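>>> could you work out the structure for the sequence below:
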Amino acid sequence: MRIVVIGGTGLVGSKLVTLLAAQGHEAVAASPGTGVDTLTGDGLADVLVGADVVVDVSNSPSFEAAAVLEFFETSTRNLLAAEAVAGVRHHVALSVVGTQRLPESGYFRAKIAQEQLIETSTIPYSLVHATQFFEFVGGIVDSATDGSTVRLAHVLIQPMAADDVAEALRDVALGAPTHGRADIAGPERFRLDDLGRRFLAARDDPREVVTDPTATYFGATLDEDTLVPVGEAALGRTRLEDWAAPRR
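Numbering: from 1, shown residues only. The predicted structure is shown next:
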């Protein structure tokens, strides 16, 4: 199959392209760096010629509320319109566990808008909701930092490795459209504040994590289970200890 990966040069996208190619598929990495810009539409028609499946793992370069909404709405509209012309048979999009429970955040409002466009389009689709990546824990800590203090809530989080996300997306892309959402998550649950402390300790970072029940997550207040699957979820294989172990 010819499978076009939008955002295919990024963290998850590059891993997905490698996995698909290893199984003999024609996996195409599409991004502004390869001449494909979903925001402007440049290069879309050409890259989608003959495409059977499109997997969208792209992300907004800005998390500012208006900019991120513009990115996901415009990019998704452009992509779906080009797919309809090209005859794409399956649209797969990566989203985030808890998106529908985080409407206070401009970023997650934009993801909700993206999903609504996909769900109402004519293209058969599958939505994959992943918990946050191990690779993104540093970004969470930085976003919660004020001076030398990191304020994090004592809520559940179930992060996963980007490698496991890519494997899950490969399996979905090679299957039939689900016309729904599926959750994927890591094999272990942590408390967000405790995870932040482990992250800082492993890097000898002097910042102090303070447990704050009012701390927000990219602008949204959190309940106990906002960041974890509340129903059935496919679990990745990689535990935090194994992911963090030195590579040889």
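
>>> can you tell me what sits against the helix or strand bottoming out on mean pLDDT in the chain?
The helix or strand of the chain with the poorest confidence is strand 220-221; it has a mean of 89 (mean pLDDT, DSSP states H and E). Residues from elsewhere that reach strand 220-221, judged by CB atoms under 8 Å, 6 or more residues apart in numbering: Leu102, Pro103, Glu104, Ser105, Phe108, Thr214, Thr226. For every residue, glycine as well, the C-beta is placed using N, CA and C.

>>> ok, now with 7 Å
Leu102, Glu104, Ser105, Phe108 (CB atoms under 7 Å, 6 or more residues apart in numbering).

>>> after it, which helix or strand is next?
In the C-terminal direction, the helix or strand that comes right after strand 220-221 (DSSP states H and E) is strand 234-235.

>>> that next one pairs with which strands, and in what direction?
strand 181-185 (parallel) (DSSP bridges).

>>> could you give the bridge partners of the closest residue to Gly231 other than its chain neighbours?
Closest residue to Gly231 apart from its sequence neighbours, by CB to CB, 6 or more residues apart in numbering: Asp183 at 7.1 Å. When bridges are called by DSSP bridges, Asp183 pairs up with His129.

>>> can you count the residues close to Asp183?
Asp183: 23 surrounding residues under other CB atoms under 10 Å.

>>> isn't it right up against Gly236?
No - when contacts are counted by CB atoms under 7 Å, Asp183 is not listed as touching Gly236 (11.5 Å).

>>> just confirm Ser126 contacts Val92, I think it does.
Yes - contact criterion CB under 7 Å: Ser126 and Val92 qualify, at 4.9 Å.

>>> out of the two, which sits in the busier spot?
Val92 (27 against 22).

>>> the more buried one - nearest residue in space that isn't next to it in sequence?
Per CB to CB, 6+ apart, closest to Val92 is Val55, 4.4 Å.

>>> could you dump the longest helix that the chain contains to CSV, C-alpha only?
When every helix of the chain is counted residue by residue (DSSP state H), the longest turns out to be helix 65-86. What follows is helix 65-86, C-alpha atoms only, in CSV (Å, rounded to 0.1, in the frame of the first residue of the first chain):
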residue,chain,number,x,y,z
ALA,A,65,-5.0,29.3,21.3
ALA,A,66,-5.9,31.2,18.1
ALA,A,67,-2.8,29.9,16.2
VAL,A,68,-3.3,26.3,17.1
LEU,A,69,-7.0,26.4,16.2
GLU,A,70,-6.1,27.9,12.8
PHE,A,71,-3.5,25.2,12.2
PHE,A,72,-5.7,22.2,13.0
GLU,A,73,-8.9,23.5,11.3
THR,A,74,-7.2,24.8,8.1
SER,A,75,-4.8,21.9,7.8
THR,A,76,-7.4,19.3,8.3
ARG,A,77,-9.8,20.9,5.9
ASN,A,78,-7.1,21.1,3.2
LEU,A,79,-6.0,17.5,3.8
LEU,A,80,-9.5,16.0,3.8
ALA,A,81,-10.4,17.9,0.6
ALA,A,82,-7.2,16.7,-1.2
GLU,A,83,-7.9,13.1,0.0
ALA,A,84,-11.4,13.2,-1.4
VAL,A,85,-10.0,14.2,-4.8
ALA,A,86,-7.2,11.5,-4.6
